[in-house]
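>>> Predicted model, plus sequence, below.
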Amino acid sequence: MTVPRILTLGGHSFSSRPPDRAVCELLLRLATERAGGRPRICLLPTASGDTSEQISSFYAAFGERPCDPSDLSLFRLGRRPMALREHLLAQDLIYVGGGSLLNLLAVWEAHELEGILALAWREGIVLAGQSAGAMCWFEAGITTSSGRPEPGAGLGLLGGSLCVHYNNEPDRRLAYLDAVGDGMPAGYGLDDYAGLLWEGAAPPSALTARRGARAYRVASNGNGVQESPLPARFLPAPAPATLREDIAEFRRVANMRKRAGWLG
Amino acid sequence: MRRWGLPAARAWGEGLPSKLRLSVSIARTCASGSIQVVTKEARVRAGVAVELQLVVDQLESRARRHRPLGDLMLGDLRIGATVHAGERADANFGPLYNDRGRIRDDHLTMEKVPRQIVAFGGGGFSMEAGNPLLDDYVLGLCRGERPRVCFLPSASGDADHYVVRFYRAFLAERCEASHVSLFRREQGPSDLREHLLAQDLIYVGGGSVVSLLGVWRAHGVDAILRDAWRAGVVLCGLSAGSLCWFAEAVSGFHGAPRRVAGLGLLPHSNCVHYAPGSAHCLAYRELLRAGMRAGYAAGDGAALHFVGEDLSRVVASRPEARGYRLELRGDEVVETSLATAFLGDTAAAAGTGDAASAVAA
């Protein structure tokens, strides 16, 4: 599989709720297709400042699945040195978490990661991400990195622009419509749980993991900016993974305590 | 916005009455050919230079916002700021800066306010729980009863637990503490420049110096810190928060130590967590032989206090901690242990350590 692939998602988390499970299942399937066996999946939590929350929720989602998850924390290299290039190029899927688009690109630039990621993409390593981790692959996006929603540049592996959390954050959508009207390259709006899968040079296919979540083509024609919803394939959620015996036990006890009123 | 220079000869603070009138005038040509002069003025209490600077900046931006009806402003002809001291208009200290011509470097600095950087080799609340000596030292450099202290945890990726530890160390009864998280700009002060220039002390936490510099550049914090330093805000930090101030730094962050270019406020090289014979020491020596400029190293618990660009003092929170000067002489790297003043009670420290080592040549 050498077709360059990128999966861009409007917003999701790594919880065990059905739409999140559906997204994780898709990520795992893409990685497995590339690996032809047990895939290696690496999280880049840079945009969040490598928060423990993002890293631990990633491991909670992928730790029990048939894959080898890892994370590359650029802020923690002092305590855990890693060979950036070798590690990233050995992956089947690189997942970029959400956070500050501006900081994400600045830190990648400081560590000279852009070239490595572009090479990974050309070699067919699947690139994926949500929120800032989705917009970073485009020429431009709408970021709240400086407080209010405003246009920000991305790496430009994908042409055009992207606005995430589309109908979930009205201010961001309005800023995007203004920016496209003002000459930002046309692109896409993605609601939380909607995504676009880019394979080679073909137009993207839209996906949705939650009823009502949509992907839009956003472009300006002669008289204003038009938003047209794209037909999307629905991703069903897989059955919840069976819990490990000790976790199930812990939850039973916790529930009993709660019922008995021992909060704490 | 361009900075206004306050010339050294008319430095602020001494010999000035407590009330001043400041005015800024901008003369601009308009599309119609006429010349429009806009003057904005304000009355201020003479204070530290940075406050006057802010007033002048505000007046300039107010003057720039002025638009004549039905005409179009073109370029600046002249721009000037004037300070009238006291109530009497004749006590005029004259234009501080009255041309857009060549700006001399000494024109930009305010010599009355020393530029200070305290670079910790390691220590302070981040590394020495229960030993506040270095943190007390930097707080002591600030004027006023309750200095304003801002923590920049950027090098750690703005780790929450680190921010919490800062607030525990810098309690409200001693200072007015704040922090700026560049990963959560929506929550912090909206105007970074205004917030940082209003501080007495900016404290930079440890972590990755490469990531730190990247994030700072993205938000323009590098330029703001340079201005804050020139305006007399004390800058300090440990580890990555020390390396960042120097022209060159030894970063041990990628396994093999490498040379990283910092902000360059201090024209030296720097190495932190230094101990003679350690891996950091060997790496620093190798980089010096490879052409890195001479500089200073500090061990854990030692801090290098720079006034202007020059090292003024070395202080320590542990009796045995030291600062070092390293330079290449011929092919040889020469390491000089610097006289280091222990900040704690030397007699008490003698109980556990060697009192004679408190000050070493």
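That came through fine. Predicted model only: the values in this text are computed from it and were never measured.

>>> going forward, measure contacts between C-alpha atoms and count neighbours the same way
OK.

>>> just the helices in chain B please.
Ranges of helices within chain B are B:49-65, B:105-108, B:133-140, B:160-169, B:192-197, B:209-219, B:221-230, B:240-243, B:279-289, B:346-350, based on DSSP state H.

>>> Least confident of these, on average?
Within the helices of chain B, the least confident segment by mean pLDDT turns out to be helix B:105-108, at a mean of 28.

>>> what's the closest of the helices of chain B to chain A?
For the helices of chain B, proximity to chain A was assessed by C-alpha to the nearest C-alpha; helix B:209-219 is nearest, at 4.8 Å.

>>> Can you list the low-confidence ranges for chain A?
Per-residue confidence for chain A (pLDDT under 70) gives these ranges: A:1, A:241-243, A:261-264.

>>> Which strands or helices does the longest helix seen in it pack on?
Determined from DSSP H, the single longest helix within chain A is helix A:18-35. Secondary structure elements in contact with helix A:18-35, counted by 3 or more C-alpha pairs under 8 Å, 6 or more residues apart in numbering or on different chains; DSSP states H and E, are strand A:93-96, strand A:126-130.

>>> touching chain B at all, the very next helix or strand once past it?
Using DSSP states H and E, the next helix or strand after helix A:18-35 towards the C-terminus is strand A:40-44. No: residues of strand A:40-44 contacting chain B under C-alpha under 8 Å from any C-alpha of the partner chain: none, with a closest distance of 13.0 Å.

>>> In its sheet, which strands sit next to strand A:40-44, and in what direction?
Strand pairing for strand A:40-44, using DSSP bridges, gives strand A:68-71 (parallel), strand A:93-96 (parallel).

>>> about what we covered before: turn the helices of chain B into TSV, columns for mean neighbour count.
Conversion of the helices of chain B to TSV gives the following (neighbours: other C-alpha atoms under 10 Å in any protein chain shown):
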stretch	mean neighbour count
helix B:49-65	18
helix B:105-108	14
helix B:133-140	19
helix B:160-169	15
helix B:192-197	18
helix B:209-219	24
helix B:221-230	19
helix B:240-243	30
helix B:279-289	19
helix B:346-350	14
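
>>> hmm, back to that, dump the helices and strands packed on helix A:18-35 to CSV, plus mean neighbour count.
Supplementary listing: the helices and strands packed on helix A:18-35 in CSV, determined by neighbours: other C-alpha under 10 Å:
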stretch, mean neighbour count
strand A:93-96, 27
strand A:126-130, 26
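
>>> what does stretch B:242-251 rub up against?
Residues from elsewhere that reach stretch B:242-251 (C-alpha atoms under 8 Å, 6 or more residues apart in numbering or on different chains): B:117-121, B:204, B:209, B:213, B:236, B:257-272, B:280, B:283-284, B:287, B:292-293.

>>> what does chain A have sitting close to chain B?
That would be A:47-51, A:74-78, A:81-83, A:99-100, A:102-103, A:106-107, A:109-111, A:144-148, which are the residues of chain A within reach of chain B (C-alpha under 8 Å from any C-alpha).

>>> Show me how to select, in PyMOL, the buried members of those residues.
Command for PyMOL, covering only those of the residues of chain A next to chain B found buried under the criterion 16 or more other C-alpha atoms under 10 Å in any protein chain shown:
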select buried, chain A and resi 47+48+49+50+51+74+75+76+77+78+81+82+99+100+102+103+106+107+109+110+144+145+146+147
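
>>> Show me the strands in the stretch 51-200 of chain A, by range?
A:68-71, A:93-96, A:126-130, A:138-143, A:150-153, A:158-163, A:187-190, A:194-199 (DSSP state E, counting those that start in this stretch).

>>> With respect to A:Arg257, which of the ones you listed lies nearest?
The stretch from the strands of the stretch 51-200 of chain A with the least distance to A:Arg257 (C-alpha to C-alpha) is strand A:68-71; that distance is 33.6 Å.

>>> buried sites along the closest one?
Neighbour counts over strand A:68-71 (16+ other C-alpha under 10 Å) mark A:Asp68, A:Pro69, A:Ser70, A:Asp71 as buried.

>>> Need the nearest residue in space to the second one, chain neighbours excluded.
In space, A:Pro69 comes closest to A:Ile41 once its chain neighbours are excluded; the distance is 4.8 Å by C-alpha to C-alpha, 6 or more residues apart in numbering or on different chains.

>>> cool, the third one as well?
Computed as C-alpha to C-alpha, 6+ apart, the closest residue to A:Ser70 that is not its neighbour in sequence is A:Cys42, at 4.7 Å.

>>> residue contacts, that neighbour?
Contacts of A:Cys42 were listed using C-alpha under 8 Å, 6+ apart, and they are A:Pro69, A:Ser70, A:Asp71, A:Leu72, A:Leu88, A:Gln91, A:Leu93, A:Ile94, A:Tyr95.

>>> now do 6 Å
Each residue near A:Cys42 by C-alpha atoms under 6 Å, 6 or more residues apart in numbering or on different chains is listed here: A:Pro69, A:Ser70, A:Asp71, A:Ile94.

>>> same question, A:Asp68
Under the criterion of C-alpha under 6 Å, 6+ apart, the contact partners of A:Asp68 comprise A:Arg40.

>>> In the stretch 151-264 of chain A, what residue comes closest to chain B?
Closest to chain B within the stretch 151-264 of chain A is A:Gly152: 11.0 Å, counting by C-alpha to the nearest C-alpha.

>>> what's the answer for the stretch 101-250 of chain A, then?
Closest point on the stretch 101-250 of chain A to chain B, by C-alpha to the nearest C-alpha, is A:Gly147, at 3.9 Å.

>>> For that residue, give its distance to B:Asp191.
The span separating A:Gly147 from B:Asp191 equals 10 Å under the rule C-alpha to C-alpha, to the nearest Å.

>>> Please apply the same query to A:Pro4.
Here A:Pro4 is placed at a distance of 41 Å from B:Asp191 (C-alpha to C-alpha).

>>> So which of those two has more stuff around it?
A:Pro4 (18 against 10; other C-alpha atoms under 10 Å in any protein chain shown).

>>> what sits against the nearest residue to B:His66 once chain neighbours are set aside?
Leaving out its chain neighbours, the residue that sits closest to B:His66 by C-alpha to C-alpha, 6+ apart is B:Val38, at 7.4 Å. Applying C-alpha under 6 Å, 6+ apart, we find B:Val38 in contact with B:Ser25, B:Ile26, B:Ala63.

>>> quick one: which of these is nearest to A:Asn223?
The closest of the contacts of B:Val38 to A:Asn223 turns out to be B:Ala63 (C-alpha to C-alpha; 38.0 Å).

>>> ok so, going back, make JSON lines from the strands of the stretch 51-200 of chain A and add distance to A:Asn255 to it.
What follows is those, written out as JSON lines (distance: least, C-alpha to C-alpha, whole Å):
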{"stretch": "strand A:68-71", "distance to A:Asn255": "30"}
{"stretch": "strand A:93-96", "distance to A:Asn255": "34"}
{"stretch": "strand A:126-130", "distance to A:Asn255": "33"}
{"stretch": "strand A:138-143", "distance to A:Asn255": "40"}
{"stretch": "strand A:150-153", "distance to A:Asn255": "45"}
{"stretch": "strand A:158-163", "distance to A:Asn255": "40"}
{"stretch": "strand A:187-190", "distance to A:Asn255": "37"}
{"stretch": "strand A:194-199", "distance to A:Asn255": "33"}
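
>>> Run through the residues that contact B:Tyr296.
Applying C-alpha under 6 Å, 6+ apart as the definition, the contact partners of B:Tyr296 turn out to be B:Asn270, B:Tyr324, B:Arg325, B:Leu326.

>>> pLDDT value on B:Phe93, please?
The predicted local distance difference test score for B:Phe93 is 38.

>>> Please apply the same query to B:Ala85.
What the model reports as pLDDT for B:Ala85 is 51.

>>> again, but for the one 3 residues further on
Predicted confidence (pLDDT) at B:Arg88: the value is 40.
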